[in-house]
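Trainee: have a look; sequence and predicted model below, questions after that.
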Amino acid sequence: MSETRHSVCALDCPDACGLVLKITDGRATRIQGTPGHPVTQGFLCGKVARYLEREYSPQRLTRPLRRIGAKGEGRFEPISWDEAFTTITDRFRATIADYGAEAILPYSYGGSMGLLQANGMDRRFFHRLGASRLDRTICAAAGTAGLTATQGLRYGLEPEAFVHSKLIIAWGANVLATNVHLWPFIVEARRRGARFVVIDPVRTKTAALADQHLRINPGSDLALALGLLHLIFENGRADRAYLEAHATGWPELRETVRAYTPARVAAWTGLPEAEIVALAHAYCETNPTAIRLNYGVQRSERGGTAVRAIAMLPVVTGAWRHVGGGLQLSTSQAFHFNRQALEMPELQPAPTRLLNMSELGSALTRVDNPPVKALFVYCSNPAAVAPDQGTVLAGLRRDDLFTVVVEQFQTDTADYADLVLPTTTFLEHTDLYGAYGHHYVQLARPALPPPGQARSNVEIFRELARRMGFTEPAFTESEDDMIRGILSSGHPHLDGITLERLDQERSVRLNLGEGPFQPFKEGGFGHPDGKANLDPAGLDYVPPVESRHGDAALRALYPLEFLSPKNHDSMNSTFGNRADVDAQTAVLHVNSADAAARGIGDGDAVRVFNSRASLVLRAAVDGVVGPGTVSSPSLRWPKRQPGGRNINALVSERLTDIGGGATFYSCLVQVEKCAG
Ligand SMILES: Nc1nc2c(c(=O)[nH]1)N[C@H]1C(S)=C(S)[C@@H](COP(=O)(O)OP(=O)(O)OC[C@H]3O[C@@H](n4cnc5c(=O)[nH]c(N)nc54)[C@H](O)[C@@H]3O)O[C@H]1N2
Ligand SMILES: Nc1nc2c(c(=O)[nH]1)N[C@H]1C(S)=C(S)[C@@H](COP(=O)(O)OP(=O)(O)OC[C@H]3O[C@@H](n4cnc5c(=O)[nH]c(N)nc54)[C@H](O)[C@@H]3O)O[C@H]1N2
Ligand code: SF4
Ligand SMILES: [Mo]
């Protein structure tokens with residue numbers, strides 16, 4: 001007997017695909033993209049096309065576990081759920097009595113994009129507990145701050161609109177790897193005559209397929225954006241009428257950017273002056289122009305301000321006036337979900353302290369008053385993904401730290417846990433989804449049974465709340481009522497979108513009016529005056545400390561800029577249990593000049609190091625990076641590597657200029673050939 005069931009991909013990806021499963025005798029035998037979905041268009045990325053391997057993996061966690069070995073060693077024994085819950089609540093009560101509830105820190109990020117599992121009962125529970133709050137900065141905080149500073153609202157061009165563009169710039173965006181459902185729209189735009197330009201220090205698969213690849217120096221995008229703004233004003237191509245009606249600060253901006261001549265910008269970015277001038281010319285003379293800005297730019301020290309400046313470009317040229325003109329970093333804010341009803345911050349007994357997740361190492365080893373005595377991890381694998389891994393692991397190893405990890409697999413982080421709780425995948429629980437790369441609200445019902453005793457995050461936190469004696473109705477609310485709450489904001493974009501309708505249709509477009517969504521066609525920016533903010537205060541380019549134009553003493557020791565962008569077949573560390581991911585991420589791309597200077601040949605084992613750590617990778621001298629840059633795809637499981645480290649051991653805890661984000665892509669290293 002075969003039947004069809006539906007779901008939604010919950011991985012941390014802008015595409016938020018609709019899924020169709022073929023179920024035969026209770027077991028899923030095929031997973032596909034939803035054919036009629038306007039963005040999914042019936043296909044999946046390579047990772048999720050193989051998701052059933054993960055779903056049915058013998059490595060899935062199926063029972064609660066208690067640690068019996070040393071922290072990090074990975075020895076556990078099964079226990080009952082009752083014992084697990086009792087251990088947690090006893091330990092939480094004791095911690096609260098001795099140190100106060102702020103000594104408890106939740107840690108979660110992108111394991112699931114589902115609103116219920118990742119931002120629902122968990123948030124309510126920790127708010128009511130009075131735990132420290134987590135500032136979730138590790139991915140997008142700098143870009144969010146930059147985009148908000150300029151636009152006031154994180155609205156963006158939708159994928160369907162890209163077909164109308166005549167110039168598409170992928171700026172720090174590896175579309176084929178991280179946003180593959182935008183690709184067909186770019187292909188169609190090119191068929192209709194569009195040019196496709198990629199700005200990226202790395203020659204990615206996307207860059208290799210572009211009409212032009214501008215191999216910019218890492219972390220110098222702010223200089224390029226300011227240089228482009230300068231040329232737009234100088235060439236008289238600013239849209240004066242649009243600026244007068246819909247922007248503030250632009251006369252001051254015009255003055256500030258005068259200093260960013262093509263010669264200076266060329267020196268910082270490593271791009272020839274002629275290419276900078278030609279890009280400005282193309283951006284001014286083509287209509288419409290679309291920028292697909294992804295998060296690559298904002299993982300560097302000046303990344304938040306770079307996003308702020310890049311977001312000024314379509315305002316200054318008035319690109320937003322036209323169908324297919326504008327910029328997409330994220331479409332997420334268009335959903336206007338009722339986050340307050342979901343997360344219930346009002347349950348906090350008093351406003352609690354906020355700890356930055358990008359500084360987890362410090363939080364576990366240096367924060368005092370109170371120190372972090374209990375860590376509760378779900379939807380994240382900080383031992384693999386967080387910067388300054390050496391300090392993170394030192395913190396996780398603390399004997400006096402009580403750690404709980406809710407996981408599907410025995411990750412590195414789980415190895416450091418006192419208790420590991422088995423949890424469901426997105427195919428096994430109910431959830432509601434927005435997206436950060438399109439405008440469809442989607443609902444998923446369980447398509448498959450959980451393995452063994454696995455429980456969803458919602459169920460786990462509901463039970464913990466009950467056992468802590470929390471009697472508020474928030475903790476007994478059903479999943480369906482939580483969804484009704486999320487949809488209850490009253491915002492016009494959600495008009496007529498109900499749980500009942502989602503149960504029928506599964507995927508519903510936001511109410512954005514007829515035709516393509518043009519968020520800023522007639523202004524309507526998110527600042528109180530409705531205008532875009534182009535005030536140049538704080539916009540000057542200062543190179544990152546860890547960059548080729550940064551701190552001279554550091555550069556003398558560690559002269560190469562190290563990048564760790566996303567691996568094509570990974571989702572951060574989620575598929576790190578697979579041997580093929582180990583192989584794909586074993587590589588360090590090195591430029592031929594840097595390789596020759598160090599006697600390194602293609603395929604050689606190399607040591608990549610700085611003051612924080614040293615790792616061995618295999619050199620690929622293959623034209624992927626320019627001189628002075630090295631790059632390795634992320635992310636592997638540290639415990640599967642010799643030395644028990646991955647590249648985040650090289651990365652510092654330094655934060656971005658605005659937003660408090662992690663600076664994964666501002667990192668200086670030295671590379672040498674391994675002896676023997
Ligand atoms: N296959 C795959 N897909 C994913 C993920 C994954 O791990 N693998 N992760 C998901 C997540 S969590 C996210 S946030 C998104 C991120 O999606 P993207 O932002 O597209 O991914 P990144 O690889 O971080 O960065 C994009 C590109 O920016 C480039 N870059 C690095 N530094 C700079 C710079 O200074 N300037 C410029 N111009 N470019 C720079 C990188 O070389 C990379 O090619 O992808 C999601 N999708
Ligand atoms: N060097 C370097 N480091 C990076 C990046 C980089 O580009 N380079 N990218 C950064 C970025 S953009 C991000 S977003 C972070 C990502 O960091 P994380 O959000 O930690 O992402 P993952 O590594 O994918 O780990 C997610 C974990 O959640 C689990 N999970 C999945 N679904 C559920 C669920 O429903 N419940 C529970 N409890 N668990 C679940 C998965 O099994 C997986 O182990 O990494 C950051 N780290
Ligand atoms: S990871 Fe992205 S592209 Fe792949 S199935 Fe999920 S949403 Fe779609
Ligand atoms: Mo991310």
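Mentor: Perfect, thanks for sending it. Ligands and ions are numbered 1, 2, ... in the order given.
Trainee: for the helix ranked longest in the chain, give me every contacting residue.
Mentor: Using DSSP state H to define each element, the chain has its longest helix at helix 81-99. Identification of contacts with helix 81-99 by Cβ atoms under 8 Å, 6 or more residues apart in numbering yields 64, 66, 101, 103-104, 129-130, 370-371, 373-374, 402, 404, 418-419, 421, 453, 455, 463-464, 467-468. Where you see a C-beta, it was placed from the backbone N, CA and C, and this is true even at glycine.
Trainee: out of those, which are buried?
Mentor: Neighbour-count burial (16 or more other Cβ atoms under 10 Å) is assigned, among the contacts of helix 81-99, to 64, 101, 103-104, 129-130, 370-371, 373-374, 402, 404, 418-419, 421, 455, 463-464, 468.
Trainee: re earlier: beyond the longest helix of the chain, next helix or strand please.
Mentor: On the C-terminal side of helix 81-99, the closest following helix or strand by DSSP states H and E is strand 104-108.
Trainee: restrict that next one to CA atoms and write it as CSV.
Mentor: C-alpha atoms of strand 104-108 as CSV (Å, rounded to 0.1, in the frame of the first residue of the first chain):
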residue,chain,number,x,y,z
ILE,A,104,20.7,28.7,33.5
LEU,A,105,21.4,29.4,29.8
PRO,A,106,19.4,28.0,26.9
TYR,A,107,21.4,27.6,23.7
SER,A,108,19.6,27.1,20.3
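Trainee: mean confidence for that strand?
Mentor: For strand 104-108, mean pLDDT rounds to 98.
Trainee: counting contacts, what elements does it pack onto?
Mentor: Packing contacts for strand 104-108, counted by 3 or more Cβ pairs under 8 Å, 6 or more residues apart in numbering; DSSP states H and E, involve helix 81-99, helix 121-129, strand 133-135, strand 374-378.
Trainee: in the first one, what's buried?
Mentor: Judged by neighbour count (16+ other Cβ under 10 Å), helix 81-99 contains these buried residues: W81, A84, F85, T87, I88, T89, R91, F92, T95, I96, Y99.
Trainee: may I ask which two of those are separated the most?
Mentor: Using Cβ to Cβ, these span at most 26.6 Å, a distance reached by W81 and Y99.
Trainee: ligand 2 contacts on the protein?
Mentor: Neighbours of ligand 2 within the chain, by Cβ under 6 Å from any ligand atom: 12, 109-112, 117, 138-139, 378-381, 384-385, 406-409, 411, 423, 457, 564-566, 571-574, 634-635, 647-648, 651, 664.
Trainee: and the stretch 151-300 of the chain, which residues reach ligand 3?
Mentor: For the stretch 151-300 of the chain, the residues in contact with ligand 3 (Cβ under 6 Å from any ligand atom) are V180, H181.
Trainee: so where do the helices sit in the stretch 151-300 of the chain?
Mentor: For the stretch 151-300 of the chain, the helices defined by DSSP state H, counting those that start in this stretch cover 175-178, 183-191, 205-208, 221-234, 240-246, 250-256, 262-269, 273-285.
Trainee: per-residue pLDDT, L176?
Mentor: pLDDT, L176: 98.
Trainee: ok, the one 3 residues further on next?
Mentor: In the predicted model, N179 carries a pLDDT score of 98.
Trainee: re earlier: and which of the buried residues of helix 81-99 is nearest P446?
Mentor: The closest of those to P446 turns out to be W81 (Cβ to Cβ; 19.0 Å).
Trainee: now do the same for the spatially most central residue of the chain: helix, strand or coil?
Mentor: The chain has C139 as the residue nearest its centroid, 3.9 Å off, counting by Cα atoms, centre = their mean. Assigned state for C139: coil (three-state reduction, DSSP: H, G, I helix; E, B strand; the rest coil).
Trainee: list the contacts for it?
Mentor: D12, Y109, G110, Y295, G661.
Trainee: residue contacts, the first one?
Mentor: Each residue near D12 by Cβ under 8 Å, 6+ apart is listed here: Y109, G110, G111, M113, C139, M571, N572.
Trainee: just send the residues you listed back as JSON lines, with secondary structure too.
Mentor: Output for the contacts of D12, formatted as JSON lines (three-state DSSP):
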{"residue": "Y109", "secondary structure": "coil"}
{"residue": "G110", "secondary structure": "coil"}
{"residue": "G111", "secondary structure": "coil"}
{"residue": "M113", "secondary structure": "coil"}
{"residue": "C139", "secondary structure": "coil"}
{"residue": "M571", "secondary structure": "coil"}
{"residue": "N572", "secondary structure": "coil"}
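Trainee: so which of the residues you listed wins on neighbours?
Mentor: In terms of neighbour count, G111 stands highest of the contacts of D12 at 27 neighbours, by other Cβ atoms under 10 Å.
Trainee: can you give me the distance of the spatially closest residue to it that is not a sequence neighbour to T574?
Mentor: Nearest residue to G111 in three dimensions, chain neighbours excluded: C379, at 3.2 Å (Cβ to Cβ, 6 or more residues apart in numbering). C379 sits 10 Å away from T574, taking Cβ to Cβ, to the nearest Å as the criterion.
Trainee: outline the domain layout of the chain.
Mentor: Listed domain ranges for the chain are 65-139+345-509, 142-329, 552-673 (source: automatic domain parsing).
Trainee: which one of these has the most crowded surroundings?
Mentor: domain 142-329 (a mean of 22; mean count of other Cβ atoms under 10 Å).
Trainee: gap between it and the chain center?
Mentor: Between the mean C-alpha location of domain 142-329 and the chain-wide mean there is a distance of 20 Å, by Cα atoms, centre = their mean, to the nearest Å.
Trainee: which one of the buried residues of helix 81-99 is nearest to ligand 1?
Mentor: I88 (28.5 Å; Cβ to the nearest ligand atom).
Trainee: on that earlier part again, among the residues of the chain next to ligand 2, which are in strands?
Mentor: Y378, V406, E407 (DSSP state E).
Trainee: surely the residue nearest to G111 and M113 touch.
Mentor: No - counting by Cβ atoms under 8 Å, C379 sits too far from M113 to count as a contact (9.4 Å).
Trainee: now R66: which helix or strand?
Mentor: Using DSSP H and E, R66 maps to strand 65-67.
Trainee: give me the residues contacting that strand.
Mentor: 75-79, 83-84, 87, 417-420, 422.
Trainee: over that strand, what's the mean pLDDT, rounded is fine.
Mentor: 98.
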